[in-house]
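> Here is my input; please provide its structure:
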Amino acid sequence: MTAIRDARPSDRDAILAVTLAAYEQYAAALTAPLWVRYRQSIEATLADVGTAAQIVAEESGALVGTVLLFPAGAVMPNPGGTAIPLEWPEVRLLAVAPAARGKGVARRLMEECIQRARAAGSPALTLHTADIMAVAMRLYERMGFTREPELDIRPAPGILAKGYRLPLTLPSPQKGEGGNREPRPRRGRG
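Predicted coordinates for the structure are as follows:
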């Protein structure tokens, strides 16, 4: 059984190892200098997550997945331009160990991010991804995220990080077949 929990300081090395192992598959799709910069960016982000919630998936005592959830108002560095203040919470560096893929770990981590953003009262949750991350893009779209070009950023020449947003006024995604639950009535609003 996979447990989802907040990261502990003792998880730091395992988080870095899982994240780098997960993102290593993209090295072949990037030029060597670009991959080196991307890897350095991953390492720098994980070395100082700032105000982000660092969430992990653990299975039989081993870390198998990780994600960062930055709160609304956090300022994200943008190597391709000025820093970007977040209007909504944002998911970053979703990673699943290659040996744990296909078990629903990424979906469980994303569901946790959605639940936390809703609990914080946010009207939306955002993320950025790229065409080389096609499997992740399909997951996000199945979970209700929609492409929002106005959120796009260009972290390096020739690289487009596509913006996606999930309105949190929609019902939570359900596991498996069957679609979404009916929305709960809102209290205190006419």
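> Put the alpha carbons of the helix or strand hosting residue 110 into CSV.
According to DSSP states H and E, residue 110 maps onto helix 105-119. Output of helix 105-119 as CSV, limited to C-alpha atoms (Å, rounded to 0.1, in the frame of the first residue of the first chain):
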residue,chain,number,x,y,z
VAL,A,105,1.5,6.9,-7.5
ALA,A,106,1.5,10.1,-9.7
ARG,A,107,-2.3,10.3,-9.6
ARG,A,108,-2.3,9.9,-5.8
LEU,A,109,0.2,12.6,-5.4
MET,A,110,-1.8,14.9,-7.7
GLU,A,111,-5.0,14.1,-5.8
GLU,A,112,-3.2,15.2,-2.6
CYS,A,113,-2.2,18.5,-4.1
ILE,A,114,-5.7,19.1,-5.3
GLN,A,115,-7.1,18.3,-1.9
ARG,A,116,-4.7,20.6,-0.2
ALA,A,117,-5.3,23.5,-2.6
ARG,A,118,-9.0,23.1,-2.1
ALA,A,119,-8.6,23.0,1.7
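> I'd like the average pLDDT over it.
Per-residue pLDDT over helix 105-119 has a mean of 98.
> And the contacts of that helix?
With CB atoms under 8 Å, 6 or more residues apart in numbering as the test, helix 105-119 has contacts from 2, 4, 53, 55, 57, 59, 64-67, 69, 88-89, 91, 94, 96, 124-125, 136, 139-140, 143, 166, 168, 172-173, 175. Heads up, the C-betas are built off the backbone N, CA and C, glycines and all.
> hmm, which of the residues you listed are the buried ones?
4, 53, 55, 57, 64-67, 69, 88-89, 91, 94, 96, 124-125, 136, 139-140, 143, 166, 168, 173 (16 or more other CB atoms under 10 Å).
> Looking at the residues you listed, which are in strands?
4, 53, 55, 57, 64-67, 69, 91, 94, 96, 124-125, 166 (DSSP state E).
> which pair in those residues spans the largest distance?
64 and 124 (28.1 Å; CB to CB).
> So, low pLDDT: which residues of the protein?
78-82, 170-190 (pLDDT under 70).
> If we use 50, what do you get?
175-190 (pLDDT under 50).
> just how off-centre is the helix holding residue 110 within its chain?
Put simply, helix 105-119 sits 9 Å off its chain's centre (CA atoms, centre = their mean, to the nearest Å).
> Report the backbone C-alpha coordinates of stretch 48-55 in PDB.
Output of stretch 48-55 as PDB, limited to C-alpha atoms (Å, rounded to 0.1, in the frame of the first residue of the first chain):
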ATOM      1  CA  ASP A  48      15.600  25.000  -0.900                       C
ATOM      2  CA  VAL A  49      11.900  24.300  -1.400                       C
ATOM      3  CA  GLY A  50      11.000  27.500   0.500                       C
ATOM      4  CA  THR A  51       7.300  27.700   1.300                       C
ATOM      5  CA  ALA A  52       6.400  24.700  -0.800                       C
ATOM      6  CA  ALA A  53       4.800  21.600   0.700                       C
ATOM      7  CA  GLN A  54       7.000  18.700  -0.100                       C
ATOM      8  CA  ILE A  55       4.800  15.600  -0.400                       C
END
